[in-house]
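Undergrad: Would you be able to build a 3D model of this:
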Amino acid sequence: MAQLISHAFADRPAYDTAVSRAILELVARGELPETIRLARPGAMVAFGKQDVSGAGYAQAAAAARDQRFEAVKRLAGGRAAVFHEQTVAFAWAQRNSNPWPGTHDRFRAVAEAIERALKTLGVDARTGAVAGEYCPGDYSINARGRTKIAGLGQRIIKGASHIGGVIVVGNTARVRDVLIPVYAALGLEWDPATTGSVVDEVGRIRFEEVAAAIRAELPPLEEASLDDETLALAEALAAEHLG
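TA: Numbers count the residues shown, from 1 in each chain. Model (predicted):
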């Protein structure tokens, strides 16, 4: 049975990202079972490879830190995305001897699960990019075809795949306000009005309700804790994810 990890290291965002990477690597080796993380993260802007290699990255990272968001190098692909305490951080590591052909199948399965979960909460949720959204992707989940609520990225290594994402529960303004200077520094165009959250759609709702709705759409999961080997490997990898 797949295991569920709900613990996050909110005060160490780069280390928290490294934990998901360590899980991926250990799943690929067969040392951990299929693992899903559903957790409350700390405040971070997660930058993709294109962001980090761009001329404006240093300014963008400084803009994030000016608003008390850590700058982190993300595990999966995509452009800069925001995590904070009113978002759900999602990560799914699966062992697969040949993970490359199933890339879009995995994306669709996870996007559809999140879409279903949000619909149970009353959101008119749809899969697909909204014109002008931040970190655009075909497997974004939007509300009413107008605002982005969740985004997904994927990383594939030999022997395993990782799908990571963020679902914005509330405090839309924190996402929008930090991305305005970050995207300006990166030279990326986007429309801040496309930023959304579950709260924007249904009113007051708790983090725990959104996380529970997502979990209900996933395969059976066994609650588990992070073991010493995973934590030690994450410690060794953390510096690589610090922006």
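Undergrad: correct me, but Val34 touches Leu26?
TA: If you look again at residue 34, you'll see it is Glu, not Val. No: between Glu34 and Leu26 there is no contact under Cβ atoms under 8 Å: 11.3 Å. In this view, the C-beta of every residue, glycine as well, is placed from N, C-alpha and C.
Undergrad: Compare neighbour counts for the two and give me the winner.
TA: Leu26 (20 against 17; other Cβ atoms under 10 Å).
Undergrad: That one against Glu229, yeah?
TA: Yes: assessed by Cβ under 8 Å, Leu26 is found in contact with Glu229 at 7.0 Å.
Undergrad: so who does the most centrally placed residue in the chain touch?
TA: Most central in the chain under Cα atoms, centre = their mean is Gly165, positioned 2.5 Å from the mean C-alpha point. Shown in contact with Gly165 (Cβ atoms under 8 Å, 6 or more residues apart in numbering): Ala89, Phe90, Ala91, Val110, Ile114, Ala150, Gly151, Leu152, Gly153.
Undergrad: Identify each buried residue in the longest strand seen in the chain, please.
TA: Longest strand in the chain by number of residues (criterion: DSSP state E): strand 147-157. Buried residues in strand 147-157, defined by neighbour count with 16 or more other Cβ atoms under 10 Å: Thr147, Lys148, Ile149, Ala150, Gly151, Leu152, Gly153, Gln154, Arg155, Ile156.
Undergrad: what bridges to the fifth one?
TA: Taking DSSP bridges, one finds Val166 as the beta-bridge partners of Gly151.
Undergrad: Just the local confidence number for the residue nearest to the centre of the chain, please.
TA: Gly165 is assigned a predicted lDDT (pLDDT) of 96.
Undergrad: swap in Thr17?
TA: 98.
Undergrad: Can you list the residue ranges for helices in this protein?
TA: Under the criterion DSSP state H, the chain contains helices at 13-28, 49-53, 57-66, 103-120, 172-186, 198-202, 207-216, 228-241.
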